[in-house]
Structures are given as structure tokens and as C-alpha cells.
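Undergrad: this is a predicted model, with the sequence first.
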Amino acid sequence: MTARLVLVGCGHMGHAMLTGWINAGRIAANEIVVVEPNDDLRDRAATLGCAVASDADGLPADISPEIVVIAVKPQVIREVLADYARFGDGAATFVSIAAGSSVATFEGLLGEDTPVIRCMPNIPAAIGKGMMVVFANDRVSEKARDFVAGLLSASGEVASIGDEKLMDAVTAVSGSGPGYVFHFIEALTAAARTAGLPAETAARLAVQTVYGAAVMAAESGEEPGALRQQVTSYKGTTAAALDVLMGEERLTRLLTEAVEAARKRSIELGS
Ligand SMILES: NC(=O)C1=CN([C@@H]2O[C@H](COP(=O)(O)OP(=O)(O)OC[C@H]3O[C@@H](n4cnc5c(N)ncnc54)[C@H](O)[C@@H]3O)[C@@H](O)[C@H]2O)C=CC1
Ligand SMILES: O=C(O)[C@@H]1CCC=N1
């Protein structure tokens, strides 16, 4: 077995991405070593056919991976990276999905010649419907960039940005965004219950409505505003509800405030 890729951290996002890579055939499971201290999560990765270790000391001594993916919480990045310094300074390309953690943090801890790709995925990556946004330093080779782009595209759409500062905004919109949408579904379900619908019906209507509308927004080729107008009959029911949501730009202002809170937190996590 040649260990082409080391995945450090196999929790929610690490596992979501790992299954996407393997299921899409972008890399063979036996070319991956997963480092994960949690026994259950490590076993889950082993079930996929990956080699596993509970910490960096458990990695085979002679491996020389092309890619090291860091998928641990931002709060532990510094201590975790110290264990992977031997792959720094150009030996491997590091891919980080940690919110906030800058490329400079990686270069500082692993050596300034370390190729680093910062990526902000989101949790629908677990079903191949993610949004992944990447920023790379200029040490990343074309070969590594292509390999990583191929891996990420197994989990959904991939976009790149040239200004790393925008990663905090990206994190606040698409990284955390599924959380907002899940909460919207919860809120619509609660409203449906208040309107008298039984629990099961309320939940079903809320999910299918968000799903159908999202697919239509993604695939119809029409602007969301135009689609909204198609639903909104003059003096009809949708207009009555949208008066509540759009009056004084209530929902836009609320979301702007929420996104700004997430953006600020992303900056804090990186400092
Ligand atoms: N969950 C999400 O929707 C998203 C998460 N992210 C980022 O992904 C990263 C991971 O987040 P989650 O998967 O949600 O967290 P998680 O807590 O589910 O996964 C982190 C994993 O790292 C493991 N871990 C801790 N110390 C370790 C070490 N020394 N070596 C190897 N593994 C270690 C933990 O046991 C855990 O399983 C974070 O940096 C987060 O900012 C980014 C975008 C979306
Ligand atoms: O909540 C968080 O910090 C992570 C980053 C984006 C989504 N989840």
C-alpha cells in the first residue's frame, strides 16, 4: 500500500469528504491513512478500507504522502500541526478545512515552503451536494492542485478565490449556511404546527418545500427573485406572508446580522 493521503480528523466533515472521495473512485481507500483518536470514528474509517491510526505516532514511519488533509477543530490546529511537521516544507501538500485558520498559520508551523490549500466545505458534501471554496498559496504545484480539485469535486461544487480574507465571509455563508437552512426548516415546521398541521405532515411539508424550491433555484436558470414573483399572486397568500418577511427587509437584515456574526467568529478562530 502506498499512502498517498493522510486524513487527520475523521469527524463530521472529515468523514463526509472521505466517503465522497472513495465512493467516486477519486482515490482508493487503501491509499489513505486516517488519524482519528475516537475509537468509534476510527473504526468507521477502517470499515471503508482505510488504514487507521489513533495518533501521528501510529503512522507508518516510511510514508511519504502527497496530501495531508487537516480536518480537526480550529482550536487544536496548532498542537496538531506540530505532529505533522515532518511532512512540511514541501514534502506534502497540506489541505485545511478548519474555519479561520490562515495559510500563514500553516506556513509558520510547517515551514514557509509548505504548499497549503485552504478549503471551506459544507456538510452537504456528505451527499455529494457540497459547496467547496478553495484558496491556495503559490507553493502548490499544478499536479497537487488538480489532484485536490478532483477529490473535492467528488463532494459537490468547487470554486476558488484569490483573496484569502474573503474566506471568513465564505465560511459565514456556505460553510455555516446549511445550519441556517436546517433551522429555517425547523422554524417552518413549528409554524406549520401552529397553523394546525399534524407533526409528521408539518415536517414533511417544510422539508419538501425547501428541497423543491432549492432545486428549482439551482436548475431553472431563473433568478430567485423572478421565481418568487411566480409564486406571488397579486394580493394573494404569498404576498401576505412576504409582507411580513420582506417588510423593512426583515429577513435580509436578520441574515446579514447572522452572517456578520459568523464572519467575525471565523476571524476570531483564526487569531
Ligand atoms: N461540520 C461542518 O459543517 C464544517 C466543518 N468545517 C471545519 O471542519 C473541521 C472539523 O469539524 P467537524 O468535522 O465538524 O468536527 P468534529 O468534531 O466532528 O471532527 C473533528 C475530529 O477531529 C478529531 N481529532 C481531535 N484531535 C485530533 C488529533 N490530534 N488528530 C486527529 N484527529 C483529531 C476528533 O476526534 C474529531 O473526530 C473544523 O475545523 C471545522 O471548522 C468546515 C466546514 C463545515
Ligand atoms: O461552525 C463551525 O465553526 C464550522 C465551520 C463552518 C461550519 N461549521
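TA: That came through fine. Numbering: from 1, shown residues only. Ligands and ions are numbered 1, 2, ... in the order given.
Undergrad: and the residue nearest to Ser174 when sequence neighbours are not counted, what are its bridge partners?
TA: Nearest residue to Ser174, sequence neighbours excluded (CB to CB, 6 or more residues apart in numbering): Met131, at 4.3 Å. C-betas here are computed from N, CA, C, even on glycine. Under the criterion DSSP bridges, Met131 forms beta bridges with Glu157.
Undergrad: surely Met131 touches Pro124?
TA: Yes. Contact status for Met131 versus Pro124: in contact at 7.4 Å, counting by CB atoms under 8 Å.
Undergrad: joint contacts of those two?
TA: Listed as contacting both Met131 and Pro124 by CB atoms under 8 Å, 6 or more residues apart in numbering are Gly156.
Undergrad: number of residues surrounding the residue nearest to Ser174?
TA: Neighbours of Met131 under the rule other CB atoms under 10 Å: 20.
Undergrad: does stretch 17-30 reach ligand 1?
TA: No. Applying CB under 6 Å from any ligand atom, one finds stretch 17-30 separated from ligand 1 by no less than 9.2 Å.
Undergrad: please determine whether that stretch lies in contact with ligand 2.
TA: No. Using CB under 6 Å from any ligand atom, we find that stretch 17-30 stays clear of ligand 2, coming within 13.2 Å at best.
Undergrad: how about that stretch as PDB, C-alpha atoms only?
TA: The C-alpha trace of stretch 17-30 is given here as PDB (Å, rounded to 0.1, in the frame of the first residue of the first chain):
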ATOM      1  CA  MET A  17     -15.300  14.100   2.400                       C
ATOM      2  CA  LEU A  18     -13.600  10.800   2.800                       C
ATOM      3  CA  THR A  19     -16.700   8.800   1.800                       C
ATOM      4  CA  GLY A  20     -17.100  11.200  -1.200                       C
ATOM      5  CA  TRP A  21     -13.600  10.600  -2.400                       C
ATOM      6  CA  ILE A  22     -13.800   6.800  -2.100                       C
ATOM      7  CA  ASN A  23     -17.300   6.400  -3.500                       C
ATOM      8  CA  ALA A  24     -16.500   8.500  -6.500                       C
ATOM      9  CA  GLY A  25     -13.300   6.400  -7.100                       C
ATOM     10  CA  ARG A  26     -11.100   9.500  -6.900                       C
ATOM     11  CA  ILE A  27      -8.600   7.600  -4.600                       C
ATOM     12  CA  ALA A  28      -8.600   4.000  -3.400                       C
ATOM     13  CA  ALA A  29      -9.400   3.500   0.300                       C
ATOM     14  CA  ASN A  30      -6.100   1.600   0.700                       C
END
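Undergrad: in it, what counts as buried?
TA: Of the residues in stretch 17-30, those with enough neighbours to count as buried (16 or more other CB atoms under 10 Å) are 17-22, 26-27, 29.
Undergrad: let me know the closest of those residues to ligand 2.
TA: When the buried residues of stretch 17-30 are compared for distance to ligand 2 (CB to the nearest ligand atom), Met17 wins out at 13.2 Å.
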